[in-house]
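Participant: Can you look at this prediction? I've put the sequence above it.
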Amino acid sequence: MKDFNNMFRPRDWDSVKGQNHITNILKSQVINKKGLSNAYLFSGKSGVGKTTVARLFFMSLNCEKLDKYGNPCFKCLSCKNFKYDLIEINASNNRGIEDIRTLSKEIYYKSPVSKFKGILLDECHLLTSPAWNCLLKPLEDSPDNFVWLLCTTEINKVIKTIQTRCQTFKFTPIRWTDIFERVKEVAKALKIDIDEKTIWAIARNSNTNLREPLHLLEKYVNSDNVSEILSDEINIDFLDSIAKNDLTSIWKSLMSWRSKYSDIDTFISFLKYDVMTCLQMKMGLPLVDIAPYRQKTYQSIAGEIKEEVLLLYFEELLNIEEKLGGVFDYNSLFFNMLCKIKNKNSI
């Protein structure tokens, strides 16, 4: 059975959300056949569209009936033989020098059905040092009809000599507004009865990628009760408690979240965003990525909290976020933050 992510993987450039700075360049290359490279390096966190864009780009390069927007037709011989012309390899299973030597032979010994043939190397940062060195010459000396597509979540582990041989594109975390629109599109296509407030809650729990919200939408369909999956209100309780200087309620917000979801990273990310939004309002800065139904709530609460208090919480939340990677005693980090704030407020 296909999950929602596979069912609704983008088949055209407009369906790729949040990466216009990349798709506009690639579309132009496909349409005009100018600026093309033998090697592309796509980097960014998981779920932001790297592999999807790599496949869409390669299919568009080969399509015989490309539309005026650079989208493949999915009907011509080239589109139908897409999987023959593009070899997809995951470096977690093929990371050694012999694997790269075997792949490199494909450049010369396998004839493509269409104009271009290529290799999509996913999680390429997992390659060994000898494998990277073995890849240097094939990247540089590939024939004009061959394309390397490298994808990674950790570009810092891709050696510089490889990076300089590729056109490099950095995928950004996807904004909640873009995620909201995508989830709304999928829900409409599947005729799922879901209100916009719930879609916003799903978007906020997405960890700024498009894979997670569609998994959450699947869970929602099965449970029909979003409160069993995620919460969008605990953080508003947190802000309200800041306004009242109620440290006990703030602590209870953390305990409530942990008992339901255990994902402290998401909790801290939410708090940071909510506090930052209130700060932006107080400073008169333009707001982006905000749920319409939450704007009045933010304005009401922000009016009750001093700017220096919000700034204090924001700084402490940033400190906690920096430490989350190597610490498992999250309660102590959060408790330490409340103690600091209590002491500073009493001075």
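Facilitator: Happy to help now that I have it. Since the structure is predicted, the reported quantities are computational estimates derived from the model, not experimental observations.

Participant: So residue 69 lies in a helix, does it not?
Facilitator: No. Assigned with DSSP: H, G, I helix; E, B strand; the rest coil, residue 69 falls outside any helix and is coil.

Participant: and it, how far is that from residue 178?
Facilitator: From residue 69 across to residue 178, the span is 19 Å (Cβ to Cβ, to the nearest Å). For glycine as for every other residue, the C-beta is placed from the backbone atoms N, C-alpha and C.

Participant: what's the answer for residue 12, then?
Facilitator: Using Cβ to Cβ, we find residue 12 at a distance of 16 Å from residue 178.

Participant: Mind checking which of those two has more residues around it?
Facilitator: Under the criterion of other Cβ atoms under 10 Å, the comparison of residue 12 against residue 178 puts residue 178 first, with 19 against 15.

Participant: What number of residues are in the vicinity of residue 29?
Facilitator: 18.

Participant: Oops, could you answer that again for residue 153 instead?
Facilitator: Neighbours of residue 153 using other Cβ under 10 Å come to 18.

Participant: Residue 312 too?
Facilitator: Based on other Cβ under 10 Å, the number of other residues close to residue 312 is 18.

Participant: Doesn't it belong to a strand?
Facilitator: No. Per three-state DSSP, residue 312 lies outside any strand segment and is helix.

Participant: For it, give its distance to residue 236.
Facilitator: From residue 312 across to residue 236, the span is 19 Å (Cβ to Cβ).

Participant: before we move on, what about residue 296?
Facilitator: Taking Cβ to Cβ, one finds residue 296 at 11 Å from residue 236.

Participant: So between these two, which is more surrounded?
Facilitator: The residue with more neighbours, out of residue 296 and residue 236, is residue 236; 17 against 9, by other Cβ under 10 Å.

Participant: mind listing the helices for the stretch 51-200 of the chain?
Facilitator: Using DSSP state H, counting those that start in this stretch, the helices of the stretch 51-200 of the chain run over 77-80, 82-85, 97-109, 129-141, 160-163, 176-189, 196-204.

Participant: For those helices, which has the smallest mean pLDDT value?
Facilitator: Looking at these, the lowest mean pLDDT belongs to helix 97-109 (a mean of 77).

Participant: angle of that one against helix 129-141?
Facilitator: Going by axes from the mean of the first three to the mean of the last three Cα atoms, to 10 degrees, helix 97-109 is angled at 20 degrees with respect to helix 129-141.

Participant: Regarding the residue nearest to residue 297 when sequence neighbours are not counted, what is its secondary structure?
Facilitator: Distances taken as Cβ to Cβ, 6 or more residues apart in numbering place residue 236 nearest to residue 297, at 6.1 Å, with adjacent residues excluded. Three-state call for residue 236 (three-state DSSP): helix.
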